[in-house]
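Asker: Provide a 3D model corresponding to the input given below.
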Amino acid sequence: MTIAADAPQSRGAHPVYDMEGMDHSSAVEMEDARLSVFPKAQTRPVLWNVLLAMVALMLGGLPGIGQALERVGINLYNNDVVTAVLDENAAYYQGLTLHGVLLVIVFTFTFANGFITLATMRAYGRPMASTLMVQLAFALALLGTVLAGWTMLANEATVLFTFYPPLEAHTMFYLGAVLLVISTWVTLANIVMTHRQWAAANPGTRTPLMAFMAIMTYAMWAMASVGIAAEVLLLILPWKFGWTEGIDAQLARTLFWLTGHPIVYFWLLPAYISWYTMIPKQAGGRLFSDPVARFVFILFLLLSTPVGFHHQYTESGIPQWMKNIHGIATFAIFFPSMITAFSVVSALENGGRNRGGRGLFGWIWKLPWGNPALTAQLHAMLIFTLGGASGLINASQTVNLVVHNTAFIVGHFHMTIGAVALAYIGIAYWLIPYLTGNNLWGRKLALWQSWLWFVGMLLFARGQISAGLQGVPRRTAFADSVYRDFIDGLDVPNMLTAIGGSMMGLSGLFIFIVVVGTMMGLAVKNKEQLITVAETRVGATKRIWPWLDNYRMWVGIAILLVALAYIPFLVTYVPDGSSAVGAPFDLY
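Answerer: Predicted coordinates:
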C-alpha cells in the first residue's frame, strides 16, 4: 500500500479510504513539479536566498580556519592581508563574531527561507500566495546581512554570536539582526496565506506532509523568536538610545536564550523536512509513517522553546525549580530526534534492500553513495547523531558544571550546526540545479567535499571535546592566554582541532568551486530537474489526521507551555530588578 507524502489535491477532491481507513486521495504523484510550473518572480528570490546562504557560508568559514590553526600556534590573524580587513587588536574575536553570526544566523535563515518557500510551493502544487512577500523576505535578509556585516567588519560589533550585554555593538548591528528575523516572519506569513488559499480550494483534505512540516517549523520559530525580539526592542535599543540608565544583563541573557536554543531546531527542521520527505525517494525507499512524521514535528513545536534555562544553570538569579523544569524539557526534546532516527533509517534500509541489499548491514552499501546530494545528507545524519548525544550532557545540571563554558561546548555545537550545514549543502546540490536548469558540475569533487567535511568535523569536534574536558575555555584566543602552559596533555586535542578545521576549510573551497561551476553551466545539460517526494508505507486514518492537523490547538498548547516555563521567572524577577518599561534597568 503506497500513498504519496504530499501530493496536491485538485479542487473539490474527496478523500478515499481503503478498508483500513487510510487516505489514498493524495496518492497521485505530481508529474509537473518542474520549475516551469512556478513563476520566475518567486523562484528567482528562492535562488537568491540560497546563493546568499552560500556566500555567508564561504565568508563565515574563513575565520574558522584561523581559529582552528590558532590552537597549534599558527596565527593567521597576524598578517598584513587579514589586518587590512580586521582590527589587529581584536582580530581573533572579530573573526569569531563573523564566523558565528554569518554561519549561525545569515546562512541558516536565508537557506531556510529559500528552501522552505520552494518546498511549500511543491507541497501545495501552487505558487506562494504573495510574490511581493517572497521578494520582501529576501530583501530584508540581504539588507540585514549588509548592516550586520558592515558593523562586524568595522569592529563595531565584536560581540560574538551570543550578542547579549554587557558586550555592546553598534545600533546598526542590532537592526540588521532584527531585519533577518523579520524576513523569517514574512516567510511564515506567506506560508500561512498559501495554506489558507489551498485549504479553501480543497475543503476536508489533509495538509500535505511537506507543507505541514513547513508550517510547524516556522510556527515554532515565530514563537521562539519573540525572546530575541523583546531583548533587542525592549532592552538593548532603549539602552543604546540613552533612554535608560543601564541594562539588566541577566534579563537580556534570559530573553536571548529563550530564542537561543530553539534556533537550533529552526536550523535543523528544514533538514528534517528533506530527510523525511525527499531522502527516502532519493534512496529508493519509502517513509515509514505519515502520522509519526507529523507527530515528531508537533513535539518539536511543543518542546523546542521551554528549554532555555539549561544554558543558565550556573546563574544564581533563576530559581532552581525552574532550572529543573527546563532540564527535563531539554531531555524530552531528544525524544522526537530518536523517532526521526528510527523513521529515516527505516526508509534508508527500505531503499537499500530495494536495491538488492542483503544481510544485516548489506543494505547500507547499496545506497546511492555516488549521489552527492544524498551522500552529504547521510554524513550529516551521522554527525548530528553524535552532536545530539553530546547535547544530553549539557542538559544534565551536574555534568554541565564540568563542561560549562569550556571547549566541550564548541565541539558539541559544531556537530549540530556542522551537521545542518552539510545537510543544507547536500540539498543545494540538487536545489541549485533545479532552480537554474543547469546540471550539477563537479560531482566527484562534491563527493570529496562531503567526505572531507564529515571526517574533518569529527576530528575537530573530538579535539575540542577532549580539550574542554581538560579545562580549556571556549571563546578564548587560547594560544595567547597566560594559563595555556598550566594545562597538560593538549598536544593531541589541539592537533586534531587544527587538522579537522583545515579539512573543513578545504571542503568549503570545494563547495565554492562546485557551486560556481554549476551556476556557470559548465556541466552538460540533459534533462530538467524534478523535486523528488517520498511515498509512505503507513498513511493517516480519517479519524487521526484532522486531530494531527489542528494547528490552532497545537500552537495554543505550545504558547501555554512557554508561558508556564517563563512567566513565573519574569513575575518574580522583573519587579526586583526594577526593570519595568520606562524605569531604569539594573546596571551591569
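
Asker: Every contact and neighbour count from this point should use C-alpha atoms.
Answerer: OK.

Asker: so how far is Ala467 from the residue nearest the centre of the chain?
Answerer: In the chain, the residue lying closest to the centroid (C-alpha atoms, centre = their mean) is Trp267, at 0.9 Å. From Trp267 across to Ala467, the span is 27 Å (C-alpha to C-alpha, to the nearest Å).

Asker: What is the burial count for Val232?
Answerer: A total of 24 residues lie near Val232 under the criterion other C-alpha atoms under 10 Å.

Asker: Spell out the residue ranges of the strands in this protein.
Answerer: 3-4, 287-289, 535-538 (DSSP state E).

Asker: how about CSV for these, with mean pLDDT added?
Answerer: Conversion of the strands of the chain to CSV gives the following (pLDDT from 0 to 100):
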stretch, mean pLDDT
strand 3-4, 35
strand 287-289, 92
strand 535-538, 84
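
Asker: mind showing which ranges of the chain have poor pLDDT?
Answerer: 1-36, 88-89, 526-528, 540-541, 574-588 (pLDDT under 70).

Asker: Domain ranges for it, per the record?
Answerer: As assigned by automatic domain parsing, the chain contains the domains 46-197, 319-547.

Asker: of those domains, which approaches Phe295 most closely?
Answerer: Closest of the domains of the chain to Phe295 is domain 319-547, at 8.3 Å (criterion: C-alpha to C-alpha).

Asker: Between its first and last residues, how far does that closest one reach?
Answerer: Distance between the boundary residues of domain 319-547 (C-alpha to C-alpha) amounts to 36 Å.

Asker: How far does it sit from its chain's centre?
Answerer: Using C-alpha atoms, centre = their mean, to the nearest Å, the mean C-alpha position of domain 319-547 is found 11 Å from that of the whole chain.

Asker: Redo the domains of the chain as CSV? Include distance to Leu561 and mean neighbour count.
Answerer: What follows is those, written out as CSV (distance: least, C-alpha to C-alpha, whole Å; neighbours: other C-alpha atoms under 10 Å):
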stretch, distance to Leu561, mean neighbour count
domain 46-197, 21, 21
domain 319-547, 10, 20
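
Asker: returning to that earlier point: now the strands of the chain as TSV including distance to Ala563?
Answerer: Shown next, in TSV, are these (distance: least, C-alpha to C-alpha, whole Å):
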stretch	distance to Ala563
strand 3-4	37
strand 287-289	32
strand 535-538	35
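
Asker: With respect to Glu168, which of these lies nearest?
Answerer: Across the strands of the chain, Glu168 has its closest neighbour in strand 287-289 (47.6 Å, C-alpha to C-alpha).

Asker: Okay, the closest residue to Thr184 other than its chain neighbours and Tyr265: tell me how far apart.
Answerer: Spatial nearest neighbour of Thr184, chain neighbours left out: Asn113 (6.5 Å); criterion: C-alpha to C-alpha, 6 or more residues apart in numbering. From Asn113 across to Tyr265, the span is 14 Å (C-alpha to C-alpha).

Asker: hang on, the earlier thing: I'd assumed Gly418 was in contact with the residue nearest to the centre of the chain.
Answerer: No. Using C-alpha atoms under 8 Å, Trp267 makes no contact with Gly418, being 10.6 Å away.

Asker: Please report how far Val50 lies from Trp430.
Answerer: 12 Å.

Asker: which residues in the stretch 101-250 of the chain form helices?
Answerer: Using DSSP state H, counting those that start in this stretch, the helices found in the stretch 101-250 of the chain span residues 108-124, 131-153, 171-201, 209-224, 226-230, 237-240, 249-260.

Asker: Dump these to a markdown table, plus distance to Thr43.
Answerer: Converted to a markdown table, the helices of the stretch 101-250 of the chain look like this (distance: least, C-alpha to C-alpha, whole Å):
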| stretch | distance to Thr43 |
| --- | --- |
| helix 108-124 | 7 |
| helix 131-153 | 9 |
| helix 171-201 | 14 |
| helix 209-224 | 17 |
| helix 226-230 | 29 |
| helix 237-240 | 36 |
| helix 249-260 | 30 |
